[in-house]
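Undergrad: pasting the structure only:
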């Protein structure tokens, strides 16, 4: 029982942090950083230096690992049979959505955001010709980051919704 309670605590707190940070980052922090020009790149680099990416990675990994273990415990060691129940399906789909969100963030959103910060920081010392090229590349990365972040949040919200209602199905 202690393991179950500890896992639930870790899962809920780290999942809440992961979703909340993703929403703040995608809808507030990134747009604000992009709107202030080259200083936005410096801001994003400062956040990286303060460990923001490590916190996001840590919370997502803790959420996934604790969720996998919780699923195994609740399934009684038989995930196949558990997935035949509505509760098992909701937890399973929620878990798959969270795993897809993690993969999407690592493969698309994070690399694009890091590249935007690096390119924005380089804008300050670039010549006029270099700035044009940098601005085009930043625009491409912004689109990629925006689409990736939006899909990530949709997946995370879907996951949280599934987890919230699964016990009542």
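TA: Thanks, I have the structure now. Note that this is a predicted model, so its numbers are computed, not measured. Numbering: from 1, shown residues only.
Undergrad: the bottom helix or strand of the protein by mean pLDDT?
TA: The helix or strand of the chain with the lowest confidence, counting by mean pLDDT, DSSP states H and E, is helix 38-49 at a mean of 78.
Undergrad: give me the buried positions along that one.
TA: If you call a residue buried by 16 or more other Cβ atoms under 10 Å, then helix 38-49 has these buried ones: 38, 40, 41, 42, 43, 44, 47. Where you see a C-beta, it was placed from the backbone N, CA and C, and this is true even at glycine.
Undergrad: run the chain-centre distance for that helix.
TA: 19 Å (Cα atoms, centre = their mean, to the nearest Å).
Undergrad: dump the residue contacts of residue 83.
TA: 75, 89, 92 (Cβ atoms under 8 Å, 6 or more residues apart in numbering).
Undergrad: if you could redo that for residue 159, that was the one I meant.
TA: Here residue 159 is in contact with 15, 94, 95, 97, 98, 101 (criterion: Cβ under 8 Å, 6+ apart).
Undergrad: kindly recompute the last result at 10 Å.
TA: 15, 18-19, 63, 67, 91, 93-101 (Cβ atoms under 10 Å, 6 or more residues apart in numbering).
Undergrad: on that earlier part again, dump the contacts of residue 83 into CSV; add pLDDT as well.
TA: Formatted as CSV, the contacts of residue 83 follow (pLDDT from 0 to 100):
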residue, pLDDT
75, 94
89, 96
92, 96
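Undergrad: could those go into JSON lines alongside secondary structure?
TA: Converted to JSON lines, the contacts of residue 83 look like this (DSSP: H, G, I helix; E, B strand; the rest coil):
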{"residue": "75", "secondary structure": "coil"}
{"residue": "89", "secondary structure": "helix"}
{"residue": "92", "secondary structure": "helix"}
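Undergrad: any of those buried? List them.
TA: 75, 92.
Undergrad: and of the contacts of residue 83, the nearest to residue 1?
TA: Closest to residue 1 out of the contacts of residue 83 is residue 75 (16.7 Å), distances taken as Cβ to Cβ.
Undergrad: pop out the phi and psi values for that closest one.
TA: phi -70, psi -10 (degrees, to the nearest 10).
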